[in-house]
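*Asks:* I need the structure of the sequence given here:
(2 chains)
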Amino acid sequence: MKEILVVDDNPVNLAMIEKMLECEYHVIAAYSGIRALRFLEKHTADLILLDVEMPGMSGIDILGRIRALPQHRELPVILLTARKDGATVAKGFKLGILDYITKPFEEEDVLERIKRVFDQSKVSGKEEFIRE
Amino acid sequence: MSEKREKTEDGQLFTAPDFRILIIDDNAVSLRMMRSLLHPYGCFVDTASDGFEALELLGKQPVYDMLLIDYRMPQMDGVETLGQIRACLGEYGRNVTAVAMTADEEQAGEMFIKAGFRDVLSKPPLREQIYKTMSRLVPENRKCVTKKCDKKTQEKTDLPESICQLAAAGIDVENGIRRCGGSVGEYIKILKIVAADGRNKIACFEQCIKDGDYELYGIEAHAFKSVAAGIGAWRQSEIAKEHEMAVKNVEYEFINREHKKLINSYYVLLNQVQRVLDKEDDRLHNNIGQVKKYMEEEKLLKKIEKAADALADFRRKDAVRILEELSGYDMQPEAQRTVKEAGERCALYEDDEAEKLLRDFIHEGEMFSGNL
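*Replies:* Below you'll find the model as predicted:
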């Protein structure tokens, strides 16, 4: 089962996402950037769903810290954002996010976007294999 | 297409699967809410975020049978938008059915009718209002009437009484339940988190005002908007959105003037949610009423350590399961309080704090001192 790390300071959002995903994925919920980074120091995940607006360390700050960890430079990330904030999303794309989801989210939308990211990874993984 | 059917006045059910509606509103939450309210009719629903987008869309595709137009929109309001549609889009524009939506209670319905609207919906509209408008304005030959709905069917509901009361208080519980995974049990779990988290959040809003920390106020307003929308509390979500936008637009005067409205709306929501939870607690206690078994001290300590280790190892669910198991045992007050508090922290995903509580309990060695 693929592992998804969900980072959001809002427990309601964490609970909702956990519920949405738990049938298909193993979910690790982190309510702060610090906890997420602590997880990533020792473990890894197949995907991160990362909330943008959090007090203290924002999602973009956390993403920067994640990318600074050599083992997680390529880790797929989807941003969770409450609105289409062009500037923030652009920063996210510069730091290598694969997609973003606007809140409040619909289950179908979340599952579809995650599936798409995993499908993309599968395709790019195959290409690398062929190149090798 | 939705299997659900809305009932007609004479008790019959109908959908309108080939009926096309365009909602024109600059507010994303309202758009979503209207979509959700129209969902049971099974019609095709499209949206435009202002009058200009609507005119462009209708110019290319004059296919919509009904337009739902918000009155208060920046640059071009609902009346002006309809005026442009009537003037610029030929025969289609002159004849298309339009319904106004307004959150302004003082706005006279007559003004909208004179402006060419066939009906007026208040914002946020009630399900019954939508039903009346749809019944009246969807032509009979476009309705798919299925079967007679007898009184028993109309009154039948799977929702517990407490949740029905929440719906009666204006919360879109159906939408909330869908967002929370589709079951009432999961919805109630989320409500528990809302209640537990909400008390801290209200204190945080008050502190932000005291400190003049508008940035944090904006982040909290944003979070409240999302939480309220998640459980179907659209009205509260709208209020929170206004405050979030005010921070973004540096309208601190608005915040200073209106923050009590936001905090009150949070209080009202929490009270409504708490009433549901109290009723559910009563129901559970009435069902249980069994004598709890006593757990040996050594075994209890080991279990608590296991829960703490699970949290440290990011296995939150294992920790929650152990704490739930422990809460079913009889133990001394200090241990009981620790297990309860750690469980509450876990419910809020505050895993570090929960782990600390458990470790402190172990390290203090109160069990060994014979206090337990």
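*Asks:* only C-alpha atoms from now on, for both contacts and neighbour counts.
*Replies:* Fine.
*Asks:* and what about the closest residue to A:Gly33 other than its chain neighbours, helix, strand or coil?
*Replies:* Spatial nearest neighbour of A:Gly33, excluding adjacent residues (C-alpha to C-alpha, 6 or more residues apart in numbering or on different chains): A:Ile62 at 5.9 Å. For A:Ile62, the secondary-structure state derived from DSSP: H, G, I helix; E, B strand; the rest coil is helix.
*Asks:* pLDDT below threshold where in the chain?
*Replies:* Since you didn't name a chain, this refers to chain A. The model of chain A has pLDDT under 70 over residues A:83-85, A:121-132.
*Asks:* wait, I meant chain B there
*Replies:* Going by pLDDT under 70, which is the cut-off in play, chain B has low-confidence ranges at B:1-13, B:29, B:32, B:104-107, B:124, B:145-158, B:181, B:283-292, B:365-372.
*Asks:* where exactly do the strands run in it?
*Replies:* With DSSP state E as the definition, chain B shows strands at residue ranges B:6-7, B:12-15, B:20-24, B:44-48, B:66-70, B:97-102, B:119-122, B:144-148, B:293-294, B:329-330.
*Asks:* what's the answer for chain A, then?
*Replies:* In chain order, chain A shows strands spanning A:3-7, A:26-30, A:47-51, A:77-81, A:99-102, with DSSP E as the criterion.
*Asks:* what about the fourth one, near chain B?
*Replies:* No. Counting by C-alpha under 8 Å from any C-alpha of the partner chain, no contacts exist between strand A:77-81 and chain B, the nearest distance being 10.2 Å.
*Asks:* which other helices and strands contact that strand?
*Replies:* With contacts defined as 3 or more C-alpha pairs under 8 Å, 6 or more residues apart in numbering or on different chains; DSSP states H and E, the packing partners of strand A:77-81 are strand A:47-51, strand A:99-102.
*Asks:* what residues of that strand count as buried?
*Replies:* Of the residues in strand A:77-81, those scored as buried under the neighbour-count criterion (16 or more other C-alpha atoms under 10 Å in any protein chain shown) are A:Val77, A:Ile78, A:Leu79, A:Leu80, A:Thr81.
*Asks:* tell me who's in contact with the last one.
*Replies:* Applying C-alpha atoms under 8 Å, 6 or more residues apart in numbering or on different chains, we find A:Thr81 in contact with A:Asp51, A:Val52, A:Glu53, A:Tyr100, A:Ile101, A:Thr102, A:Lys103.
*Asks:* contacting residues around the third one?
*Replies:* The reference is to A:Glu53. Contacts here follow C-alpha under 8 Å, 6+ apart; on that basis A:Glu53 touches A:Gly59, A:Thr81, B:Ile219.
*Asks:* residues from chain A in reach of chain B?
*Replies:* Going by C-alpha under 8 Å from any C-alpha, the residues of chain A near chain B are A:10-16, A:19-20, A:28-31, A:39, A:53-55, A:82, A:103-104, A:106-107.
*Asks:* list buried residues within those residues.
*Replies:* Among the residues of chain A next to chain B, the ones that count as buried (16+ other C-alpha under 10 Å) are A:10-16, A:19-20, A:28-31, A:39, A:53-54, A:82, A:103-104, A:106-107.
*Asks:* B:Gln281 - how many residues pack around it?
*Replies:* Just so we're on the same page, residue B:281 is Asp rather than Gln. For B:Asp281, the count of nearby residues is 12 (other C-alpha atoms under 10 Å in any protein chain shown).
*Asks:* separation between it and chain A?
*Replies:* With distances taken as C-alpha to the nearest C-alpha, to the nearest Å, B:Asp281 is found 20 Å from chain A.
*Asks:* not counting sequence-adjacent ones, nearest residue to B:Ala223?
*Replies:* Counting by C-alpha to C-alpha, 6+ apart, A:Asn10 is the residue found nearest to B:Ala223 once chain neighbours are left out, at 6.8 Å.
*Asks:* surely that neighbour and B:His222 touch.
*Replies:* No. With contacts defined as C-alpha atoms under 8 Å, A:Asn10 does not count as touching B:His222, sitting 10.4 Å away.
*Asks:* which of the residues of chain A next to chain B fall in helices?
*Replies:* In helices, defined here by DSSP state H, the members of the residues of chain A next to chain B are A:Pro11, A:Val12, A:Asn13, A:Leu14, A:Ala15, A:Met16, A:Lys19, A:Met20, A:Phe39, A:Glu107.
*Asks:* and the two most separated of those?
*Replies:* Checking these against each other with C-alpha to C-alpha, the farthest-apart pair comes out as A:Phe39 and A:Glu107, at 25.6 Å.
*Asks:* would you point out which residue of the stretch 201-350 of chain B is nearest chain A?
*Replies:* Proximity of the stretch 201-350 of chain B to chain A (C-alpha to the nearest C-alpha) peaks at B:Leu348, 5.3 Å away.
*Asks:* just checking, that residue touches B:Gly198?
*Replies:* No. Between B:Leu348 and B:Gly198 there is no contact under C-alpha under 8 Å: 10.6 Å.
*Asks:* higher neighbour count, these two?
*Replies:* When neighbours are counted by other C-alpha under 10 Å, B:Leu348 comes out ahead of the other of B:Leu348 and B:Gly198, with 23 against 18.
*Asks:* and B:Asp351, what does it touch?
*Replies:* B:Leu311, B:Arg316, B:Arg345.
*Asks:* how about the residues of the stretch 101-250 of chain B near chain A?
*Replies:* B:179-181, B:190, B:193-194, B:197, B:216, B:219, B:222-223, B:226-227, B:229-230.
*Asks:* nearest to B:Lys261, of the residues you listed?
*Replies:* When these are compared for distance to B:Lys261 (C-alpha to C-alpha), B:His222 comes out closest, at 15.4 Å.
*Asks:* burial count for the closest one?
*Replies:* Burial measure for B:His222: 22 neighbouring residues, criterion other C-alpha under 10 Å.
*Asks:* swap in the one 10 residues further on?
*Replies:* Using other C-alpha under 10 Å, the number of residues around B:Gly232 comes to 24.
*Asks:* mind listing what it touches?
*Replies:* With contacts taken as C-alpha under 8 Å, 6+ apart, B:Gly232 has the following neighbours: B:Ile171, B:Asp172, B:Val173, B:Glu174, B:Asn175, B:Gly176.
*Asks:* who's the closest residue to B:Phe314 other than its chain neighbours bridged to?
*Replies:* Spatial nearest neighbour of B:Phe314, excluding adjacent residues (C-alpha to C-alpha, 6+ apart): A:Ile28 at 6.9 Å. Residues in a beta bridge with A:Ile28, per DSSP bridges, are A:Leu5.
*Asks:* quick one: B:Gly232 from B:Glu364, how far?
*Replies:* The spacing between B:Gly232 and B:Glu364, counted by C-alpha to C-alpha, to the nearest Å, is 44 Å.
*Asks:* equivalent analysis for B:Asp211, please.
*Replies:* Shown here: B:Asp211 relative to B:Glu364, a distance of 37 Å by C-alpha to C-alpha.
*Asks:* what do you get for B:Cys204?
*Replies:* As it turns out, when the distance is counted by C-alpha to C-alpha, B:Cys204 lies 31 Å from B:Glu364.
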